[in-house]
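[1] give me coordinates for this.
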Amino acid sequence: MDGILDPGTGQPPAMPMGLGEEQTLADIELPVLREDLQFVERMGDRDASAASSADKMIFDAAQNRYFNLTDKGLQLLANWDCANGQELHDRVLSRFGYAITEKDLSEFIRFLSFNSLL
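    Numbers count the residues shown, from 1 in each chain. As a prediction, the model looks like this:
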């Protein structure tokens, strides 16, 4: 998904294709994020007038790693308590004005899984 993953993180390896079945957003159940993940303020000189959710990072204490996500990635995580992809899509569309696709969501879930954030 354009703008969700930080370009510096790289792409996780592709997951094998299913049995030819296409999933809709309503079919995609959102996996549970690890409860020990923390959203922390990004350090450094940043213009206070340009503050956004991108001023935060995810800190994973278990791996002692920080993850930089774009505004869109952090907005998805902030609304991750939805039951499925369709509910997440509808909420993100109404709150932030952009749509997500099945491919976008699948890639984001793959990123979370690849980095052991689930």
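[2] ok, the most centrally placed residue in the chain to Glu22 distance?
    The residue lying closest to the centre of the chain (CA atoms, centre = their mean) is Gly73, at 4.0 Å. The span separating Gly73 from Glu22 equals 24 Å under the rule CB to CB, to the nearest Å. For every residue, glycine as well, the C-beta is placed using N, CA and C.
[3] what does Phe111 give?
    21 Å.
[4] of those two, who's got more company?
    Neighbours were counted for Phe111 and for Glu22 using other CB atoms under 10 Å; Phe111 has more, 21 against 7.
[5] check which helix or strand that one maps to.
    Secondary structure here is read from DSSP states H and E; on that basis Phe111 sits in helix 102-114.
[6] and that helix, what's buried?
    Under the neighbour-count criterion of 16 or more other CB atoms under 10 Å, helix 102-114 has Glu102, Asp104, Leu105, Ser106, Glu107, Phe108, Ile109, Arg110, Phe111, Leu112 buried.
[7] pick the one among those closest to Arg34.
    Ranked by distance to Arg34 (CB to CB), the buried residues of helix 102-114 are led by Leu112 at 9.2 Å.
[8] pretty sure Leu74 is touching Lys56, no?
    Yes: taking contacts as CB atoms under 8 Å, Leu74 lies within contact range of Lys56: 6.1 Å.
[9] perfect, I'm done here.
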